[in-house]
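A.B. asks: model the following, please.
(2 chains)
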2 protein chains.
Amino acid sequence: MNEFELIRRYFAVSPCAGRAPGVALGIGDDCALLAPAAGEQLAVSTDTLVEGVHFPADCDPFQLGQRALAVAASDLAAMGATPLGFTLALTLTQALPAWLEAFARGLDRMARACALALVGGDTTRGPLSLTLSVFGRLPAGQALRRDGAQAGDLLCVGGSLGDAAGALPLVLDQRQAPPELADPLLARYWAPQPQLALGQALRGRASAALDVSDGLLADCGHLARASGVALYVERERLPLSAPLLDLLGREAALACALAGGDDYRLAFTLPAEHWPALQAAFPEARVIGRAAAGEGVHLLDADGRERQPLALGYQHFGPSRD
Amino acid sequence: MNEFELIRRYFAVSPCAGRAPGVALGIGDDCALLAPAAGEQLAVSTDTLVEGVHFPADCDPFQLGQRALAVAASDLAAMGATPLGFTLALTLTQALPAWLEAFARGLDRMARACALALVGGDTTRGPLSLTLSVFGRLPAGQALRRDGAQAGDLLCVGGSLGDAAGALPLVLDQRQAPPELADPLLARYWAPQPQLALGQALRGRASAALDVSDGLLADCGHLARASGVALYVERERLPLSAPLLDLLGREAALACALAGGDDYRLAFTLPAEHWPALQAAFPEARVIGRAAAGEGVHLLDADGRERQPLALGYQHFGPSRD
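C.D. replies: Numbers count the residues shown, from 1 in each chain, chains lettered A, B, ... in the order given. Down below sits the predicted model:
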């Protein structure tokens, strides 16, 4: 395997490789050159996925390519950044052409969906793992940070939660389901669509945001801590998809939504005056609670009483855990 | 092992972590935010090092931390970029505090030497490997690319070559040497100093540049091909260090210099009028040949006759191979 040939053959041919708006120099030199406009900042995030930890061994390389980039790009959505490019560090035990071709196709599909250009990378021999660094641009001072939530803000999410966790037993072949339930859930696991448009729309509106990767309650905990507020999550308001409800029933679906992770939906706090316009533009978004003075994450029942979150024993393959 | 605690405990405490000039937001949010000045571009490079492939199993974690960042930062030097920050994706089989503490110290030492701030990363469980992405800034249009060499330019290197390849048998415990020879060579292997000041000085002067990671002849081949010129390397002009000559003798030292790699010295082409000022500022730099019309890399003997490069059988642990 020759690194240069490998990259040229499978990755550099993609229309998403190399030159793109904001990319002054792509693959092939010592560094890529990114060119944000004057007054813009560059958002940078790095995610690693390891075989057997973050994705099952022998999984479909096309799906893996899609998912790896989606997971990384979701961090750009969470900051409200406009996608620019990404680097791929790919470690492989061996360079199988069929595997590489399918992986590159999956990567390319998600790269087009996210408008991210492949600008560089590294290819090495070793146990299968991938590290993707993604780059986006933002007007200075407009990033969606975690530390701006204010008491009184609405707590919102960008769409249904728990689908990826519900799909996991299907991914791992621990459970069977008819295609009309399995397919949409598997699609949410393997090809979550980073909420990039939502993130950009939240600039100048949301007071804080992140993407749900560790699970809603855990991620709300990060947001509450960074902002110095309490977050109240109303259990009955969590958006659950029809296939998830059909597959698991309401209680188990709620458990997936609260603790499952891997959804890559945005969770954000929003001054209430922005909600009507946002809901009109993003009808899948939901208010699920509110920020208040205090600390911690509090789960509320339909009657408004605080409820102890369930401890869950799902087996996870997610990029943020270990 | 909790990712957040791990990063906070060992990495985020470093004075090189988080805020630094040009870093608007460091560790702890979904993305870091880099803020190049108006008119500046951002240079980006990614390198992966895998245990047993790019560094020996059970190597000293302090040394590994130093070397991993040096290898990555050398690509910034090769573009002439001013260092800004880096991300670290660290995959570990287990989180041993003593290992992490030593690794973080080594990383921090090199980060200070290179003026690079740790701005983010990811920590995952799996077979030991590291992926570092480094970021630097450059006035638009001033990057040192590989494709600008012109016939008539001098071919130069930033300092002695072959030391890292000469050190490799010592690194692998395949050979012993007295400390006065071993120590300086091992230092060149484990803590190569990226030639960042030289790279910045070459902006607006050198016509092409890269860093020598694959071996001088191989890297000159990349430069010749990208620029569409022939490069003539004069064997007798290659700078060799005293410890390398003492350990291996002249012929074997030359072989290391030509094909050994891992030196992370800059190789560059320079219009002759810039040489006197450059040599005065960087006395270790040497002219080793010239660019001419044609193609390929040509190795010349002392009498000016072309010589066939030796094929070498060294065992390598280098970041650019696989």
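A.B. asks: only C-alpha atoms from now on, for both contacts and neighbour counts.
C.D. replies: OK.
A.B. asks: for the record, mean pLDDT for stretch A:215-223?
C.D. replies: The average of the pLDDT scores along stretch A:215-223 is 94.
A.B. asks: how far does it sit from its chain's centre?
C.D. replies: With Cα atoms, centre = their mean, to the nearest Å as the basis, the distance from the averaged C-alpha position of stretch A:215-223 to the chain average is 14 Å.
A.B. asks: so that stretch, near chain B or not?
C.D. replies: No - under the criterion of Cα under 8 Å from any Cα of the partner chain, chain B is not reached by stretch A:215-223; the shortest gap measures 9.3 Å.
A.B. asks: can you list the residues that contact that stretch?
C.D. replies: Here stretch A:215-223 makes contact (Cα atoms under 8 Å, 6 or more residues apart in numbering or on different chains) with A:146-147, A:149, A:208-213, A:231, A:257-263, A:267, A:296-297.
A.B. asks: before we move on, what about stretch A:295-308?
C.D. replies: Among residues not part of stretch A:295-308, those counted as contacts by Cα under 8 Å, 6+ apart are A:217, A:220-221, A:224-225, A:228-236, A:309.
A.B. asks: rounded mean pLDDT for it, please.
C.D. replies: 88.
A.B. asks: show me which residues of that stretch are buried.
C.D. replies: Within stretch A:295-308, the residues scored as buried using 16 or more other Cα atoms under 10 Å in any protein chain shown are A:Glu295, A:Gly296, A:Val297, A:His298, A:Leu299, A:Leu300.
A.B. asks: one more: stretch A:96-115?
C.D. replies: In terms of neighbour count (16+ other Cα under 10 Å), stretch A:96-115 has its buried residues at A:100-111, A:114-115.
A.B. asks: and which of those residues is nearest chain B?
C.D. replies: When the buried residues of stretch A:96-115 are compared for distance to chain B, the smallest value, 15.6 Å, is given by A:Leu100; criterion: Cα to the nearest Cα.
A.B. asks: for the closest one, which non-adjacent residue is spatially closest?
C.D. replies: Closest residue to A:Leu100 in three dimensions, ignoring its sequence neighbours and counting by Cα to Cα, 6 or more residues apart in numbering or on different chains: A:Tyr10, at 6.8 Å.
A.B. asks: where does chain A have low pLDDT?
C.D. replies: Judged by pLDDT under 70, chain A has its weakly predicted residues at A:1-9, A:12-20, A:308-322.
A.B. asks: let's see that with 80 instead.
C.D. replies: Low-confidence regions of chain A, defined here as pLDDT under 80, cover residues A:1-21, A:95, A:307-322.
A.B. asks: can you list the domains in it?
C.D. replies: As recorded under automatic domain parsing, the domains making up chain A are A:3-139, A:154-307.
A.B. asks: now A:Thr48: how far from B:Ser241?
C.D. replies: Plainly put, A:Thr48 is 39 Å away from B:Ser241 if you go by Cα to Cα, to the nearest Å.
A.B. asks: and A:Val171, by the same measure?
C.D. replies: Using Cα to Cα, one gets 57 Å for the distance from A:Val171 to B:Ser241.
A.B. asks: give me the more crowded residue out of these two.
C.D. replies: Each of A:Val171 and B:Ser241 has its neighbours counted (other Cα atoms under 10 Å in any protein chain shown); A:Val171 has more, 21 against 16.
A.B. asks: for B:Asp163, find the nearest of the domains of chain A.
C.D. replies: Shortest distance between B:Asp163 and the domains of chain A, using Cα to Cα, is found for domain A:3-139: 21.7 Å.
A.B. asks: assumed A:Val119 was part of a helix.
C.D. replies: No - read with DSSP: H, G, I helix; E, B strand; the rest coil, A:Val119 is strand and lies in no helix.
A.B. asks: what's the burial count for it?
C.D. replies: Applying other Cα under 10 Å, we find 30 residues neighbouring A:Val119.
A.B. asks: thought it was touching A:Asp30?
C.D. replies: No - because the distance of 11.2 Å does not satisfy Cα atoms under 8 Å, A:Val119 is recorded as not touching A:Asp30.
A.B. asks: so which helix or strand takes in A:Thr123?
C.D. replies: Of the helices and strands defined by DSSP states H and E, A:Thr123 is found in strand A:117-125.
A.B. asks: that strand packs against which elements?
C.D. replies: Secondary-structure packing of strand A:117-125 (3 or more Cα pairs under 8 Å, 6 or more residues apart in numbering or on different chains; DSSP states H and E): helix A:3-6, strand A:82-92, strand B:40-50.
A.B. asks: which ones are touching A:Gln200?
C.D. replies: Taking Cα under 8 Å, 6+ apart as the definition of contact, the neighbours of A:Gln200 are A:Ala77, A:Gly80, A:Ala81, A:Thr82.
A.B. asks: and it, that's in a helix?
C.D. replies: Yes - checked against three-state DSSP, A:Gln200 lies within a helix.
A.B. asks: distance of it relative to A:Ala206?
C.D. replies: Distance, A:Gln200 to A:Ala206, by Cα to Cα: 10 Å.
A.B. asks: please identify the most buried of the helices and strands packed on strand A:117-125.
C.D. replies: Mean neighbour counts were compared across the helices and strands packed on strand A:117-125 using mean count of other Cα atoms under 10 Å in any protein chain shown; the top stretch is strand B:40-50, at a mean of 27.
A.B. asks: hey, C-alpha coordinates of that strand in PDB?
C.D. replies: What follows is the C-alpha trace of strand B:40-50 in PDB, where atoms were taken according to Å, rounded to 0.1, in the frame of the first residue of the first chain:
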ATOM      1  CA  GLU B  40      -4.400  35.200   6.600                       C
ATOM      2  CA  GLN B  41      -5.000  31.600   5.600                       C
ATOM      3  CA  LEU B  42      -5.000  28.700   7.900                       C
ATOM      4  CA  ALA B  43      -2.600  25.800   7.200                       C
ATOM      5  CA  VAL B  44      -3.900  22.400   8.400                       C
ATOM      6  CA  SER B  45      -2.100  19.000   8.500                       C
ATOM      7  CA  THR B  46      -3.000  15.700  10.100                       C
ATOM      8  CA  ASP B  47      -0.600  12.800  11.100                       C
ATOM      9  CA  THR B  48      -1.300   9.500  12.700                       C
ATOM     10  CA  LEU B  49       1.200   7.400  14.700                       C
ATOM     11  CA  VAL B  50       0.300   3.800  15.400                       C
END
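A.B. asks: SS state for A:Leu240?
C.D. replies: Using three-state DSSP, the structure places A:Leu240 in coil.
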